[in-house]
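Chemist: Just a sequence and a predicted model for now, questions to come.
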Amino acid sequence: MRIFIRTDASIQIGSGHVMRCLTLAKQLQKNNVVVKFVCRRLEGNMIDYIVDQGFEVFTLKEVVEISHWDWTKEHWLEDAKETISFVQLEQGKVDMLIVDHYSIDIQWEQQLRSFVKKIMVIDDVADRKHDCDLLLDQNYYLNMEHRYKNLVSKNCIQFLGPNNALLREEFLNVNSTELIRDGSIKDILIFFGGSDSTGETLKTLYALEKIIDKQIIFNVVIGSANPFKEQIQLFCNQYDNVKMHCNIDYMAKLMADADLAIGAGGTASWERIYLRLPAIVTVLANNQLELTEALSYAGTIQSIGESQNVKQSDIQHKLESLISHPHEVRKMIKKCTSIIDTSVVQENKLVSQIMEFMK
């Protein structure tokens, strides 16, 4: 079987789309599926990284416009035709096309329909119509079951909710029920995604400077595309208990060892919640807002708002409050278990259902 995945990464949009698609691609590959990616060359793209993970990538022409999302929305037909040109290189119809892209909708998908057997969409904003046979939205929302009403056909099979979360093997190999979490904070993980173009990592480090000499370990994770990489490294080098990690493959271990995370909403939410790791969360983009509000309402995280409104003092005060009130941390830990059923996620039924659907 053959599957194409159309997705992108950049400084502007981050790495989350590519990372979750890679997770799915690796799981499909284990089922003898040949997976190929179609990505546009943008500043901060992850094309080389995808290749390093063992997948072929067809590269669309470079776009230098500031807003790649707006370009794709306006030039959707051009994007579709470029993608078709690569799909047509295959002998016979491709078994499935997977699309994970906020700027692609039903118009684009209809152009590809006659060149592939099935179409699957990965989405979490529910703001446009799709022509797809399968739809995956792994996020938690209060209106989860009705989000895509009138946006997909009645025949579309929908995989909704965090029990369908796309988690890498390193997470699935951890038994989260065995992790000891008592509400005390001795190890803090700081991670704002692969790009962090607004500098939230650095803002957080400056915010914690006054309490960083306490007996707490700080692990700071960034991607190679982080524009503040050198400044972050210089900051971390000043302290024995602050360590920077770049482009790592052991995130699950850092999360398992941590007592609290400070980071963004988005795909990392499910890694944290699966491991019952409470978090202080900043909203970096509009697509993270609804999810962050829902998780905050459910009690699994404590949100401090949108990045442009978050001050260093907000981060410092929130952390000091949680350190002083371990019972509040324990509440978040307990709430995580009500959001994700770890046994269901470990069974990984999503991939087997996709495989069955393609037969």
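Modeler: Nice, thanks for sending it over.

Chemist: Verify the stated contact: Gly223 with Ser15.
Modeler: Yes. Proximity of Gly223 to Ser15 meets the contact threshold set by Cβ atoms under 8 Å, at 6.1 Å. For glycine as for every other residue, the C-beta is placed from the backbone atoms N, C-alpha and C.

Chemist: what is in contact with those two at once?
Modeler: Gly193, Gly194, Ser195 (Cβ atoms under 8 Å, 6 or more residues apart in numbering).

Chemist: Sitting in helices, which of these do you find?
Modeler: Among the shared contacts of Gly223 and Ser15, none falls in helices (DSSP state H).

Chemist: As CSV, those with neighbour count would be great.
Modeler: Supplementary listing: these in CSV, determined by neighbours: other Cβ atoms under 10 Å:
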residue, neighbour count
Gly193, 26
Gly194, 23
Ser195, 24
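
Chemist: and of those residues, the nearest to Ile217?
Modeler: The nearest member of these to Ile217, counting by Cβ to Cβ, is Gly193 at 21.3 Å.

Chemist: residues touching that closest one, list them.
Modeler: Neighbour list for Gly193: Gly14, Ser15, Gly16, Gly223, Gly263, Ala264, Gly266, Ala268, Leu284 [criterion: Cβ under 8 Å, 6+ apart].

Chemist: when you check those against the strands, which ones overlap?
Modeler: Residues from the contacts of Gly193 lying in strands, with DSSP state E as the criterion: Gly263, Ala264.

Chemist: where does this protein dip in pLDDT?
Modeler: Counting by pLDDT under 70, the chain contains low-confidence ranges at 65-69.

Chemist: Would you mind splitting it into its domains for me?
Modeler: Structural domains of the chain, as assigned by automatic domain parsing, span the residue ranges 2-165+344-358, 171-339.

Chemist: rewinding a little: which one's more surrounded, Gly223 and Ser15?
Modeler: Using other Cβ atoms under 10 Å as the criterion, Gly223 and Ser15 rank with Ser15 on top: 25 against 22.

Chemist: Next, the more buried one: phi, psi?
Modeler: Backbone geometry at Ser15, expressed as degrees, to the nearest 10, gives phi -110, psi 0.

Chemist: Surely Val57 is in contact with Met46?
Modeler: No. Taking contact to mean Cβ under 8 Å, the distance of 9.3 Å between Val57 and Met46 leaves them out of contact.

Chemist: For those two, indicate the residue with more neighbours.
Modeler: A count of neighbours by other Cβ under 10 Å puts Met46 above the other of Val57 and Met46, at 29 against 20.

Chemist: Return the residues in contact with that one.
Modeler: If a contact means Cβ under 8 Å, 6+ apart, then Met46 has Ala9, Ser15, Val18, Cys39, Gly194 as its contacts.

Chemist: Gly44 too?
Modeler: The neighbours of Gly44, taking Cβ under 8 Å, 6+ apart as the test, are Ala9, Ser10, Ile11, Gln12, Ser195, Ala225.

Chemist: Then Ser10?
Modeler: Shown in contact with Ser10 (Cβ under 8 Å, 6+ apart): Leu42, Glu43, Gly44, Asn45, His68, Ser195.

Chemist: what number of residues lie near the nearest residue to the third one once chain neighbours are set aside?
Modeler: Excluding the flanking residues, the one nearest Gly44 by Cβ to Cβ, 6 or more residues apart in numbering is Ile11, at 3.6 Å. The local packing count at Ile11 equals 18, with neighbours defined by other Cβ under 10 Å.

Chemist: OK, contacts around Ile11?
Modeler: Counting by Cβ under 8 Å, 6+ apart, Ile11 touches Leu42, Glu43, Gly44, Ser195, Ser197, Ala225, Pro227.

Chemist: any idea which of those is the one closest to Ile248?
Modeler: Proximity of those to Ile248, judged by Cβ to Cβ, is greatest for Ala225, which lies at 14.0 Å.

Chemist: That closest one belongs to a strand, doesn't it?
Modeler: No. For Ala225, which was evaluated using DSSP: H, G, I helix; E, B strand; the rest coil, the result is coil, with no strand membership.

Chemist: ok, it - contacts?
Modeler: By Cβ under 8 Å, 6+ apart, the neighbours of Ala225 are Ile11, Ser15, Gly44, Gly194, Ser195.

Chemist: I'd like to know how far the fourth one sits from Val152.
Modeler: Okay, so that is Gly194. Taking Cβ to Cβ, to the nearest Å as the criterion, Gly194 is separated from Val152 by 29 Å.

Chemist: What segments of the stretch 151-300 of the chain are helices?
Modeler: Assigned by DSSP state H, counting those that start in this stretch, the helices in the stretch 151-300 of the chain fall at 169-172, 200-208, 229-236, 251-257, 268-274, 286-298.

Chemist: Return the most buried member of those helices.
Modeler: Most buried of the helices of the stretch 151-300 of the chain by mean neighbour count (mean count of other Cβ atoms under 10 Å) is helix 268-274; its value is a mean of 24.

Chemist: can you list contacts of that one?
Modeler: The contact list for helix 268-274 (Cβ under 8 Å, 6+ apart) reads 16, 138-139, 162, 165-167, 171, 176, 191, 193, 251-252, 255, 261, 263, 278-279, 281, 291-292, 295, 300-301, 336, 339-340, 342, 345.

Chemist: Pull out the buried members of these.
Modeler: Among the contacts of helix 268-274, those buried by neighbour count (16 or more other Cβ atoms under 10 Å) are 16, 138-139, 162, 165-167, 171, 176, 191, 193, 251-252, 255, 261, 263, 278-279, 281, 291-292, 295, 300-301, 336, 339-340, 342, 345.
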